[in-house]
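Q: structure, please.
(one chain, ligands or ions: 2)
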Amino acid sequence: MHFLSLGADDDIGASSHFLQLEDAGLVLDAGADPSRDGPASVPDYDQIRRAFGRNGDAGGVDHALITHAHHDHFGTLPLLVEAFPHAKIHMTPATHRLLEFLLPASARLQKRRQEEGSTPHAPLFSEDDLQLQSSFYLDHNLRTPFDVSGSGGEDGPEGTVEAEFFDAGHILGSAGVLLRFSENGDERRLFYSSDTNTAPQTIIPGGNYPEAPVDVLVMETTGGADPEAEQTHRALEEERFCAALQRTMARGGAALVPVFVMGRAQEVLALIDRFKRRGDLGADVPVYTAGSMRAIADLYDKTRETTPRLNPGFRVFGVDQKNLPYGRDKLRRTLEGPAIHVVSSGMMFGQTLSNRLARDLVGDPDGGIFRVGYAVEDSPARRLTEAAQNGQTVTLHEEAGAQEIRAEVERFRLSGHSDRQQLLDLAERLAPEKVVLVHGDDEAKDWMAAHLHERLPSAEVLRPAQGEIVEA
Ligand SMILES: [Zn+2]
Ligand SMILES: [Zn+2]
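A: Ligands and ions are numbered 1, 2, ... in the order given. Purely as a prediction, here's the structure:
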């Protein structure tokens, strides 16, 4: 089997991988790179045709499997479909419902950014482009094998390639993928972890995995360079987060929690709900949310009986939420506190609400800015955490320039990803012959590779660079 990594490999990048099996060409995920803009954020789909194009046919991709509704995993799916119109697209029903909302939202956002001049790039796709596509996406429940065999090419009889989704414990609808296929007459199994969390969060239970052993494990490494996450315990982090919110409310300040709208937002709201129910936070403390978070909360609630939940009775909309008002002055007034703002984006990129609010809040000694998720290097969220630790000023946005940090700035490990020890445990449990490391920066992959050699001495560890084809 040949494995080709299509997205940039210098950071978490755009998740997209191509697998050339004897009997099928498969794409795993079709993400957009969150730290790049325009065409640079798109995986190099043409490379599939250049490297594996078959004579006389459109070549390459028979099926694509989308593991979950995070932009870095689905954000360029319309471009993949455009490049390979015959490919069948597979996902879980919940991911399908989320994409029906998130893809058009992404098209509108790209259009708006071009119109307001915040990007020089034309939108990668329009809402019209999406009209037809989404009705052709195929739904598969967890633990229900389905056929992903190819058209057979020119090489005679087709073999069977089978895929099966396993709950990844990451966000609503998220799945890992098990592939069964034959190679040189042998049956082989490959498991793609995608983004995964082996441990339970607040809404979503921990992931489920296939029986060991698998032959090949394609594993994410997001947490590979985070030594602190493994030293903390989720329960302790939750209490630390609660205490930080309490301190901020006691000061009469506002607490800003920058979140990814998809996943982290709902988990944080569930936590705040728990803190309020047990009386640690006043029931009347207003919780502000905004934008697409409401539609996503609605989808979390509508699927609560049909997707894995710790408590199917919990409704995200059971948590009292206020819509963040429009307009600079009105926004500022909400920061007078006490109040909790749960708004996007998690990395606090320049054009987002969390960035705008942070600029107003960072100099306020009563305020708190509490990061709860992953942030790539040099994102404003990461810069803020680092500057606060080093007692420096921070530039959140060019317009605001360097600002002094007077607000309380903290980071909490409430991520939707396994920490690196949990990833090693998972790899050990699945006992693969080969591990392909993806979706992490160099430092993360270095650490994972070194420790995998200790834990699984007989396993071969591969870390393909973007565009590199490896034999897996
Ligand atoms: Zn994800
Ligand atoms: Zn991801």
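
Q: residues touching whichever residue of the stretch 101-250 of the chain sits closest to ligand 2, list them.
A: Per C-beta to the ion, the residue of the stretch 101-250 of the chain with the smallest distance to ligand 2 is residue 195, at 4.2 Å. C-beta coordinates here come from the backbone N, C-alpha and C atoms, glycine included. When contacts are counted by C-beta atoms under 8 Å, 6 or more residues apart in numbering, residue 195 touches 67-68, 70, 73, 168, 170-171, 174, 220, 222, 416-417, 439.

Q: would you reformat those residues as JSON lines and include secondary structure, pLDDT and neighbour count?
A: Conversion of the contacts of residue 195 to JSON lines gives the following (DSSP: H, G, I helix; E, B strand; the rest coil; pLDDT from 0 to 100; neighbours: other C-beta atoms under 10 Å):
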{"residue": "67", "secondary structure": "coil", "pLDDT": "98", "neighbour count": "29"}
{"residue": "68", "secondary structure": "coil", "pLDDT": "98", "neighbour count": "29"}
{"residue": "70", "secondary structure": "coil", "pLDDT": "95", "neighbour count": "26"}
{"residue": "73", "secondary structure": "helix", "pLDDT": "97", "neighbour count": "26"}
{"residue": "168", "secondary structure": "coil", "pLDDT": "98", "neighbour count": "31"}
{"residue": "170", "secondary structure": "coil", "pLDDT": "98", "neighbour count": "28"}
{"residue": "171", "secondary structure": "coil", "pLDDT": "98", "neighbour count": "26"}
{"residue": "174", "secondary structure": "coil", "pLDDT": "98", "neighbour count": "31"}
{"residue": "220", "secondary structure": "strand", "pLDDT": "95", "neighbour count": "26"}
{"residue": "222", "secondary structure": "helix", "pLDDT": "89", "neighbour count": "22"}
{"residue": "416", "secondary structure": "coil", "pLDDT": "93", "neighbour count": "25"}
{"residue": "417", "secondary structure": "coil", "pLDDT": "94", "neighbour count": "26"}
{"residue": "439", "secondary structure": "coil", "pLDDT": "92", "neighbour count": "29"}
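
Q: what stretches of the stretch 51-200 of the chain score poorly on pLDDT?
A: In the prediction, the stretch 51-200 of the chain carries residues with pLDDT under 70 at positions 54-59, 152-158.

Q: residues from it in reach of ligand 1?
A: Where proximity means C-beta under 5 Å from the ion, the interface of the stretch 51-200 of the chain facing ligand 1 comprises 70, 195.

Q: what segments of the stretch 51-200 of the chain are helices?
A: Secondary structure of the stretch 51-200 of the chain, counting by DSSP state H, counting those that start in this stretch: helices at 71-74, 77-83, 93-115, 127-133.

Q: check whether stretch 22-33 contacts ligand 1.
A: No - contact of stretch 22-33 with ligand 1 is not found when judged by C-beta under 5 Å from the ion; the minimum separation is 9.0 Å.
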